[in-house]
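Participant: coords please:
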Amino acid sequence: MVSMKSLLWQNRRTNRCSLVALVVVAILTGRQFVAAENPPNVVVILVDDLGYGDLGSYGATDLKSPHIDTLVSRGMKFSNFYANCPVCSPTRASLLTGRYPELVGVPGVIRTFADQNWGELSSDAILLPSMLESAGYDSAIVGKWHLGLESPNRPTDRGFDFFHGYLGDMMDDYYKHRRHGINYMRTGTREIDPPGHATDLFTDWACDYLRGRTQKKAPFFLYLAYNAPHTPIQPPEDWVEKVLQREKGIDPARARLVALIEHMDDGIGKVMETISKTGLASNTLVIFTSDNGGQLSVKANNGPLRDGKQSMYEGGLKVPACAVWPEKIAAGSHSDRIAITMDLFATICDVVGVPVKHTIEGRSILPTLLGKSQAAEDRDLFFHRREGGERYGGLTIHAIRRGEWKLLQNSPFAPMELYNLTQDPAERNDLANDNRKVYREMLSALRVQIQRGGAVPWQRPARRDVK
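Facilitator: Numbers count the residues shown, from 1 in each chain. Below is the predicted model of the structure:
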C-alpha cells in the first residue's frame, strides 16, 4: 500500500500545475514561498541550559566548542534570540506550537508528581509535525521530550512518526537514565534500558535516523533535543581530564560543566558529519539553540547578561542561536533581530510552504535568514513562568519586552522592575519609579496577557500509573 506521505511527495514532484498555483497564491498574498521540487529537510538541535557565553563563538575563553562554532560560522548567528521561558517545558511547547506556552497549557515545568507539576499540553494544540505532514514530511524526535509522560501526550501521540529518547524532565544519572527511580527511555512507546551516557545515545540515535533517511524519498524533520548540559553535571571522566589538563587553575566545578558541554559539542559534530556523509547537507536547514540560559549554581557562563536559568533577567532568557542552509543562508552572516523560540514554528512552516491557518504568536524570520529586508516586528514579547516551592508558592513570574524597554517581576513576592535594555543591557538601573508612563503602559499590556494565559487549563487530569 502506498502511504499518504508518499502520495503527497509524488504530488509535489509531478503536479506542476499545483506548484504553479501555489506560487501564484504566494505572490498574491505576499507570503514567502520556497518553490522546491526537492523540499529541504529540517533539523532542529535544541540543547538544555546552555549559557549565552558558553560557546567559543559567543565569547567563551575556557571552553572549546569547535563543532558548534563551525556550524555558527556556516550560517547566520543571532545575538538577540530569546527562549520563550527561563525553564525547559514551556520553551519546548513554544517551539512545537508557535505559541506562548501558557496559551497551550504549559506555564511551567511538567514533572512526574502532581504536587510538583505545572503544565499539561493542551489537547487542541497543533504541533509542528502535524503541520509538516501535509507537505509529506516524516517527523522524528531524538532525545528529551518533556511535554508529557504518558498517553495522550507522548511524542507519537502528538504527531511524531518516530521517537527514540527520554520522556521526562531530567535524568538523575546520565548513565542510568532514571528519574525518581522511573525509567522514561523509550523507542516509540516501548520502554528500553540502553547502556551508555545519554549524550552519546542521543547522538548515535540521531545518526542512525539520518542514515536511514538516505533510502527514503520523503523529506524529514528531525528534532534532536539533548539533555546536556542540564544537571546533574556528569560528563565522562576522560573529558574532565582533558579540560583540567588544558585549563590550568580552572574551578573544578566549572571544569565539569565545560567537559559536559565539550562532550555534547563532539556529539553534534558527529551528527553534522553524518548529514554531510549521507549527502543530505546541501538540502538541509539546521537550526541550533538552547531552551533557556545557563544555571549559575553549576558555574554556567551567561556572558555579560544578568542572572541565569529560572530568571526573568536576560541571562535566563537570551540564548545562543544560529541557522545553516547551504546556498540559502549566507555563511558568516549575523542578525541582531529580536526573535524568540516560537518564531521557529512559523519559520519552518514558511520554509516548506505550509500555510498556518490557525492562531499562533510566532512570526516567520525566513526573510532575515535569506538576507532579505525584514522590518522589525511591531509586537510585545511576553515571558511567563509558574513554579512551586517556597520561592514561588505556585505563583508566577513575568516579563514583557517592548522595543528597548523591559518590565519584569523576578519573584512573585517582589515588585515589578523596569529597564532600558539599550542604555542598560546588564539590567542594573531600575527605572520603575522614574518612568511611570512606560511602566503603566507595559504593566497594562502584561495584565491582558496574564488574563489570556489564566483562561487556559494546565493542571494534569487525575493521575494514572506511569507506563
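
Participant: what's the weakest-modelled helix or strand in the chain?
Facilitator: Every helix and strand in the chain was compared by mean pLDDT, DSSP states H and E; the lowest is helix 16-29, with a mean of 39.

Participant: so what touches the helix or strand just after it?
Facilitator: Sequence order places strand 41-47 as the next helix or strand after helix 16-29, per DSSP states H and E. Residues external to strand 41-47 that are found in contact with it (Cβ atoms under 8 Å, 6 or more residues apart in numbering): 92, 95, 132, 137, 213, 219-226, 228-229, 264, 268, 271, 275, 280, 283-291, 344, 348, 351-352. Placement of C-beta: from N, CA and C, glycine included.

Participant: alpha carbons only: can I get strand 41-47 in PDB?
Facilitator: Written as PDB, here are the backbone C-alpha positions of strand 41-47 (Å, rounded to 0.1, in the frame of the first residue of the first chain):
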ATOM      1  CA  ASN A  41      15.000  18.600   5.300                       C
ATOM      2  CA  VAL A  42      14.900  20.400   8.600                       C
ATOM      3  CA  VAL A  43      17.000  19.600  11.700                       C
ATOM      4  CA  VAL A  44      16.400  21.500  14.900                       C
ATOM      5  CA  ILE A  45      19.100  20.900  17.600                       C
ATOM      6  CA  LEU A  46      17.900  22.100  21.000                       C
ATOM      7  CA  VAL A  47      20.300  21.900  23.900                       C
END
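
Participant: what mean pLDDT does that strand get?
Facilitator: For strand 41-47, the mean pLDDT works out to 98.

Participant: listing partners with orientation, what would you give for that strand?
Facilitator: Its sheet considered, strand 41-47 pairs with strand 220-225 (parallel), strand 284-290 (parallel) by DSSP bridges.

Participant: okay, those in CSV with mean pLDDT next?
Facilitator: Formatted as CSV, the strands paired with strand 41-47 follow (pLDDT from 0 to 100):
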stretch, mean pLDDT
strand 220-225, 98
strand 284-290, 98
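
Participant: can you give me the helices for the stretch 101-250 of the chain?
Facilitator: With DSSP state H, counting those that start in this stretch, the ranges of helices along the stretch 101-250 of the chain come out as 128-133, 198-212, 237-246.

Participant: nearest to residue 105, of these?
Facilitator: Comparing the helices of the stretch 101-250 of the chain against residue 105 with Cβ to Cβ, the closest turns out to be helix 128-133 (16.6 Å).

Participant: next, the buried residues of that closest one.
Facilitator: 128-129, 131-133 (16 or more other Cβ atoms under 10 Å).

Participant: burial count for residue 437?
Facilitator: Residues lying near residue 437 (other Cβ atoms under 10 Å) number 7.

Participant: pLDDT score for residue 90?
Facilitator: pLDDT at residue 90 comes out at 98.

Participant: tell me the SS of it?
Facilitator: Here residue 90 is recorded as helix under DSSP: H, G, I helix; E, B strand; the rest coil.

Participant: name the nearest residue to it, sequence neighbours excluded.
Facilitator: Excluding the flanking residues, the one nearest residue 90 by Cβ to Cβ, 6 or more residues apart in numbering is residue 101, at 3.4 Å.

Participant: ok, now which ones touch that neighbour?
Facilitator: Residue 101 makes contacts with 84-85, 89-91, 93-94, 107, 119, 384, as judged by Cβ under 8 Å, 6+ apart.

Participant: neighbouring contacts of stretch 194-203?
Facilitator: Residues outside stretch 194-203 that contact it (Cβ under 8 Å, 6+ apart): 142-143, 165-166, 171, 174-175, 177, 185, 224-228, 236, 260, 263-264, 267-268, 270-271.

Participant: run the chain-centre distance for that stretch.
Facilitator: 20 Å (Cα atoms, centre = their mean, to the nearest Å).

Participant: and stretch 289-296, by the same measure?
Facilitator: 10 Å.

Participant: residue 422: which of the strands paired with strand 41-47 is closest?
Facilitator: strand 284-290 (23.4 Å).

Participant: using CSV, write down the CA coordinates of the closest one.
Facilitator: Taking C-alpha atoms only, strand 284-290 is exported to CSV below (Å, rounded to 0.1, in the frame of the first residue of the first chain):
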residue,chain,number,x,y,z
THR,A,284,19.1,20.5,4.9
LEU,A,285,18.2,23.5,7.1
VAL,A,286,19.9,23.2,10.5
ILE,A,287,18.8,25.4,13.4
PHE,A,288,20.6,25.3,16.7
THR,A,289,19.6,27.0,20.0
SER,A,290,19.0,26.4,23.8
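
Participant: show residues contacting that strand.
Facilitator: 40-50, 68, 71-72, 75, 81, 83, 268, 272, 275, 319-325, 328-329, 341, 344, 348, 351.

Participant: so which residues of the stretch 351-467 of the chain form strands?
Facilitator: Applying DSSP state E, counting those that start in this stretch to the stretch 351-467 of the chain gives strands spanning 381-386, 396-402, 405-409, 417-420.

Participant: which ones are touching residue 372?
Facilitator: Contacts of residue 372 (Cβ under 8 Å, 6+ apart): none.

Participant: list the buried residues in stretch 372-380.
Facilitator: Quick answer for stretch 372-380 (16+ other Cβ under 10 Å): 374, 380.

Participant: and the end-to-end length of it?
Facilitator: Taking Cα to Cα, to the nearest Å, the first and last residues of stretch 372-380 lie 23 Å apart.

Participant: circling back to that earlier point, closest one to residue 112 among the helices of the stretch 101-250 of the chain?
Facilitator: helix 198-212 (17.5 Å).

Participant: and the angle from the closest one to strand 284-290?
Facilitator: Helix 198-212 runs at 170 degrees relative to strand 284-290, counting by axes from the mean of the first three to the mean of the last three Cα atoms, to 10 degrees.

Participant: could you dump helix 198-212 to PDB, C-alpha only?
Facilitator: Taking C-alpha atoms only, helix 198-212 is exported to PDB below (Å, rounded to 0.1, in the frame of the first residue of the first chain):
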ATOM      1  CA  ALA A 198      22.700   9.900  27.400                       C
ATOM      2  CA  THR A 199      24.600  12.300  25.200                       C
ATOM      3  CA  ASP A 200      26.300   9.500  23.300                       C
ATOM      4  CA  LEU A 201      23.000   7.600  23.000                       C
ATOM      5  CA  PHE A 202      21.100  10.600  21.600                       C
ATOM      6  CA  THR A 203      24.000  11.300  19.200                       C
ATOM      7  CA  ASP A 204      24.100   7.700  17.900                       C
ATOM      8  CA  TRP A 205      20.300   7.500  17.600                       C
ATOM      9  CA  ALA A 206      20.200  10.700  15.600                       C
ATOM     10  CA  CYS A 207      23.000   9.500  13.300                       C
ATOM     11  CA  ASP A 208      21.100   6.200  12.800                       C
ATOM     12  CA  TYR A 209      18.000   8.000  11.900                       C
ATOM     13  CA  LEU A 210      19.800  10.300   9.400                       C
ATOM     14  CA  ARG A 211      21.500   7.300   7.700                       C
ATOM     15  CA  GLY A 212      18.100   5.600   7.400                       C
END
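
Participant: how much space between residue 247 and residue 379?
Facilitator: With the distance defined as Cβ to Cβ, to the nearest Å, residue 247 ends up 42 Å from residue 379.

Participant: one more: residue 117?
Facilitator: Residue 117 is 30 Å from residue 379, by Cβ to Cβ.

Participant: same check on residue 208?
Facilitator: Counting by Cβ to Cβ, the gap from residue 208 to residue 379 is 40 Å.
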